[in-house]
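*Asks:* Could you look at this predicted model? Sequence included:
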Number of protein chains: 2
Amino acid sequence: MRQITIYDIAKEAKVSVATVSRVLNGTAPVKASTRAKIEALIQKYQFQPNAMARSLLSKETGIIGVIVPDLTNPFFPEVFAGAEQEAQESGHTFLLCNTMGSYAKESEYLNIMQEKRVDGIVFIGGRINLKDCEPELVQEVVEHANKIPLVLVNGNLKNTELTRVVTDEYTGTLLAMRHLIELGHTQIGFIGGESHMTTTSIKLRAFRKALRDEGIPVREEWILPDSFSVDSGRQMMQKLLDMKEQPTAVCCVNDFTAIGAIKTAVENGLKVPDDISIVGFDDIPLAHHVIPELTTVSQQANELGRMAIKVLRQMMNKGKTKKLTALEPQLVVRQSTARL
Amino acid sequence: MRQITIYDIAKEAKVSVATVSRVLNGTAPVKASTRAKIEALIQKYQFQPNAMARSLLSKETGIIGVIVPDLTNPFFPEVFAGAEQEAQESGHTFLLCNTMGSYAKESEYLNIMQEKRVDGIVFIGGRINLKDCEPELVQEVVEHANKIPLVLVNGNLKNTELTRVVTDEYTGTLLAMRHLIELGHTQIGFIGGESHMTTTSIKLRAFRKALRDEGIPVREEWILPDSFSVDSGRQMMQKLLDMKEQPTAVCCVNDFTAIGAIKTAVENGLKVPDDISIVGFDDIPLAHHVIPELTTVSQQANELGRMAIKVLRQMMNKGKTKKLTALEPQLVVRQSTARL
């Protein structure tokens, strides 16, 4: 029979590893009924963590720290939901830290996580999406990663060997663009994203590449980066529509800007997709509930979160870990794109 | 001149109170450049925390814990954003804990917050929205609240004197219903919400009251609680539309179910609001971007988050605190409702 572990006890008792650890180590109070249940299982399986395991246990907090840039963009709660589902099994709990796009807050939260002795860190957005990240900010992450298992999600820090889980945004944008081109569009604009962020530059690179591959000239005036919000999508779409010549299709940096672009197109009396095709990126949960339903590229947000935890768990268990895990993006054709 | 406090130092240095505290107490490493900046300010103002302040400082972590039920519902990230904005000033940082609706996870996170010595706790959703919460679950929250300042947001626990910040959901639903009735609707259905939760029963009470006030009979078969998701809104709307007789207007438990209800109405060939009026609740950020724009009741989510922190700060400073702070909901008339 396989050796019983603390994870088995936690699973059967339907509590977290941290709770079992509390009972074993007496480090903090546990509800009487829960304690009784756990003690019964310890008895049943004659579970005896050896000295090394015990020391390991008391070092482990069962907590994973997650740093995200903006929870009001539903992509991030979706990634987090995947992480939570995956961690359910191993009994880990989460400290979620929202940075509101502030690098100072990222530093703050990295320090807090270090102090609070999390077992691992998942880092999404912020400085890891910068085209040029200050060396001091890079160095800080590397130093934390030297002490605590740390996974970057959909980002990178130059000249480091940090472990990463990403969706291939370049390929994703190619999929979206080829879809538009196959539908007969050659007049295509690009809306949204901040120029200093890699997610924008990667997508723009693919945007240009897709046009070049078909010998379609790039119309620079139709490339309108700005930000990632719905309002930004609305404003940039209005800019496009106010131009003398307009594209017949628009590739948006994410679903939020696409929802804004559709809204403004409709307000300007256009029909989507009859008069203009619009494609998003992310496949947020609402993408298939809006009217018209959004054609978009799925980043597999949920799977991305799950994968981050799988990789982090390998690192926490000192197992072999691939430095880069890339998920394949998927084109999801719905109602916001049509043949020209 | 007013005595300089740690908050002033933190504000001027643009760092959190926790970081200043780290420099003062030497409890954890701080980036060299940040440390230099803080030390310069301490020098400049001759800031000398006295022994008591110092002991207080080292007890304070500058961290507020927030328990939420479901971050994939944009209402909760919006409340949290308000809390973050409000806490910016006082330099507090957050540990956000998502419970996925599990009461066991709530217990887990309450324990973690206690262990990690947060300065205060904001509790939203979950057990505090139950019509009948088990005494053991109530008692647990009371015990934590005896040790750490704790604020309930939009909920209550019977027979306790916990501090609460709420939006008046009863009045909010009355506003929505009176709006529909003023538009000439008398055939009104109700969609969504879980029956065992107070948010549902409070709204249903107001729904019945509004009809009764006008002498309009309640059609029980048109009351379809289920859950809070978009999919639930779609399914319950389909149920309504499959009935022999159908309402001309639908009051939804939240914006998610309203978005689902609109989607299904449109798929069934109905025009919203020409053929059927639909009103939501919450005023999530997307409510004014969807097509048609959602008529809804604003819970002032952002303000709710801000208020929770204001009240919590009063408690942390041992100031006088009102046991109940109620925000007025606001009817927001947009495009999904029309005259019969």
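*Replies:* It's in.

*Asks:* measure the residue nearest the centre of chain A to residue A:106 for me?
*Replies:* In chain A, the residue lying closest to the centroid (Cα atoms, centre = their mean) is residue A:79, at 4.8 Å. Using Cβ to Cβ, to the nearest Å, we find residue A:79 at a distance of 17 Å from residue A:106. All C-beta atoms are positioned from the backbone trio N, CA, C, and that covers glycine.

*Asks:* Residue A:92 too?
*Replies:* From residue A:92 to residue A:106 the distance is 21 Å (Cβ to Cβ).

*Asks:* gap between residue A:185 and chain B?
*Replies:* Going from residue A:185 to chain B by Cβ to the nearest Cβ, to the nearest Å gives 22 Å.

*Asks:* Spatially nearest residue to residue A:91, not counting backbone neighbours?
*Replies:* residue A:17 (3.8 Å; Cβ to Cβ, 6 or more residues apart in numbering or on different chains).

*Asks:* brain fart, residue A:239
*Replies:* Residue A:239 sits nearest to residue A:224 (Cβ to Cβ, 6+ apart), 5.9 Å away.

*Asks:* Tell me the residues of the stretch 151-300 of chain A that contact chain B?
*Replies:* Residues of the stretch 151-300 of chain A found near chain B (Cβ under 8 Å from any Cβ of the partner chain) are A:230, A:234, A:259, A:260, A:262, A:263, A:266, A:285, A:286, A:289, A:290, A:291.

*Asks:* list the contacts for the residue nearest to residue A:239?
*Replies:* Neighbour list for residue A:224: A:189, A:190, A:191, A:192, A:236, A:239, A:240 [criterion: Cβ atoms under 8 Å, 6 or more residues apart in numbering or on different chains].

*Asks:* ok, now with 10 Å
*Replies:* Applying Cβ atoms under 10 Å, 6 or more residues apart in numbering or on different chains, we find residue A:224 in contact with A:189-193, A:232-233, A:235-237, A:239-240, A:250, A:253, A:257.

*Asks:* same thing with residue A:193?
*Replies:* A:199-204, A:223-228, A:232, A:236, A:252-254, A:257, A:281.

*Asks:* could you redo the last one with a cut-off of 8 Å?
*Replies:* A:199, A:200, A:203, A:204, A:225, A:226, A:227, A:228, A:253, A:254, A:257.

*Asks:* burial measure for the fifth one, as a count.
*Replies:* I take that to be residue A:225. 21 (other Cβ atoms under 10 Å in any protein chain shown).

*Asks:* Spit out the contact partners of it.
*Replies:* A:190, A:192, A:193, A:194, A:195, A:200, A:204, A:253.

*Asks:* cool, the third one as well?
*Replies:* Residues touching residue A:203, when contacts are defined by Cβ under 8 Å, 6+ apart, comprise A:169, A:170, A:172, A:173, A:190, A:193, A:251, A:253, A:281.

*Asks:* Give me the ChimeraX select line for the residues you listed, limited to the buried ones.
*Replies:* Buried members of the contacts of residue A:203, defined by 16 or more other Cβ atoms under 10 Å in any protein chain shown, are picked up in ChimeraX with:
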select /A:169,172,173,190,193,251,253,281
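
*Asks:* would you turn the contacts of residue A:203 into JSON lines with pLDDT and distance to residue A:162?
*Replies:* Shown next, in JSON lines, are those (pLDDT from 0 to 100; distance: Cβ to Cβ, whole Å):
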{"residue": "A:169", "pLDDT": "96", "distance to residue A:162": "18"}
{"residue": "A:170", "pLDDT": "97", "distance to residue A:162": "20"}
{"residue": "A:172", "pLDDT": "98", "distance to residue A:162": "22"}
{"residue": "A:173", "pLDDT": "98", "distance to residue A:162": "24"}
{"residue": "A:190", "pLDDT": "98", "distance to residue A:162": "29"}
{"residue": "A:193", "pLDDT": "96", "distance to residue A:162": "23"}
{"residue": "A:251", "pLDDT": "98", "distance to residue A:162": "30"}
{"residue": "A:253", "pLDDT": "98", "distance to residue A:162": "24"}
{"residue": "A:281", "pLDDT": "98", "distance to residue A:162": "24"}
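
*Asks:* so can I have a markdown table of the contacts of residue A:203 showing secondary structure?
*Replies:* As requested, these are exported to a markdown table (DSSP: H, G, I helix; E, B strand; the rest coil):
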| residue | secondary structure |
| --- | --- |
| A:169 | helix |
| A:170 | helix |
| A:172 | helix |
| A:173 | helix |
| A:190 | strand |
| A:193 | coil |
| A:251 | strand |
| A:253 | coil |
| A:281 | coil |
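
*Asks:* What segments of the stretch 51-200 of chain A are strands?
*Replies:* Along the stretch 51-200 of chain A, counting by DSSP state E, counting those that start in this stretch, strands occupy A:63-68, A:93-98, A:120-124, A:150-153, A:163-167, A:188-191.

*Asks:* Equivalent analysis for the stretch 201-340 of chain A, please.
*Replies:* Going by DSSP E, counting those that start in this stretch, the stretch 201-340 of chain A shows strands at A:223-224, A:249-252, A:277-279, A:296-298, A:324-327, A:330-332.

*Asks:* Tell me which of the ones you listed sits most buried.
*Replies:* Highest mean neighbour count among those (mean count of other Cβ atoms under 10 Å in any protein chain shown): strand A:249-252, with a mean of 30.

*Asks:* ok, that strand: who's next to it in the sheet?
*Replies:* strand A:188-191 (parallel), strand A:277-279 (parallel) (DSSP bridges).

*Asks:* and it, how far from the chain's centre?
*Replies:* The chain centre lies 22 Å from the centre of strand A:249-252; the measure is Cα atoms, centre = their mean, to the nearest Å.

*Asks:* what do you get for stretch A:229-241?
*Replies:* 24 Å.

*Asks:* Only the buried residues of it, if you could.
*Replies:* In stretch A:229-241, counting by 16+ other Cβ under 10 Å, buried: A:229, A:230, A:231, A:232, A:233, A:234, A:235, A:236, A:237, A:239, A:240, A:241.

*Asks:* could I get the residues you listed as a markdown table with distance to residue B:179 and pLDDT?
*Replies:* Shown next, in a markdown table, are the buried residues of stretch A:229-241 (distance: Cβ to Cβ, whole Å; pLDDT from 0 to 100):
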| residue | distance to residue B:179 | pLDDT |
| --- | --- | --- |
| A:229 | 29 | 95 |
| A:230 | 25 | 96 |
| A:231 | 27 | 97 |
| A:232 | 32 | 97 |
| A:233 | 30 | 98 |
| A:234 | 26 | 98 |
| A:235 | 31 | 98 |
| A:236 | 34 | 98 |
| A:237 | 31 | 98 |
| A:239 | 36 | 98 |
| A:240 | 36 | 98 |
| A:241 | 33 | 98 |
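
*Asks:* From these, pick the one nearest chain B.
*Replies:* Proximity of the buried residues of stretch A:229-241 to chain B, judged by Cβ to the nearest Cβ, is greatest for residue A:230, which lies at 5.0 Å.

*Asks:* List the residues that contact that closest one.
*Replies:* Contacts of residue A:230 (Cβ under 8 Å, 6+ apart): A:256, A:257, A:259, A:260, A:263, B:285, B:286, B:289.

*Asks:* how about 6 Å then?
*Replies:* By Cβ atoms under 6 Å, 6 or more residues apart in numbering or on different chains, the contact list for residue A:230 reads A:256, A:259, A:260, B:289.

*Asks:* Buried among the residues you listed? Need that as a selection in ChimeraX.
*Replies:* Here is the ChimeraX command that selects the buried residues among the contacts of residue A:230 (16+ other Cβ under 10 Å):
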select /A:256,259,260 /B:289
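
*Asks:* Export the contacts of residue A:230 as TSV, with columns for distance to residue B:61 and pLDDT.
*Replies:* What follows is those, written out as TSV (distance: Cβ to Cβ, whole Å; pLDDT from 0 to 100):
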residue	distance to residue B:61	pLDDT
A:256	34	96
A:259	39	98
A:260	39	98
B:289	38	95
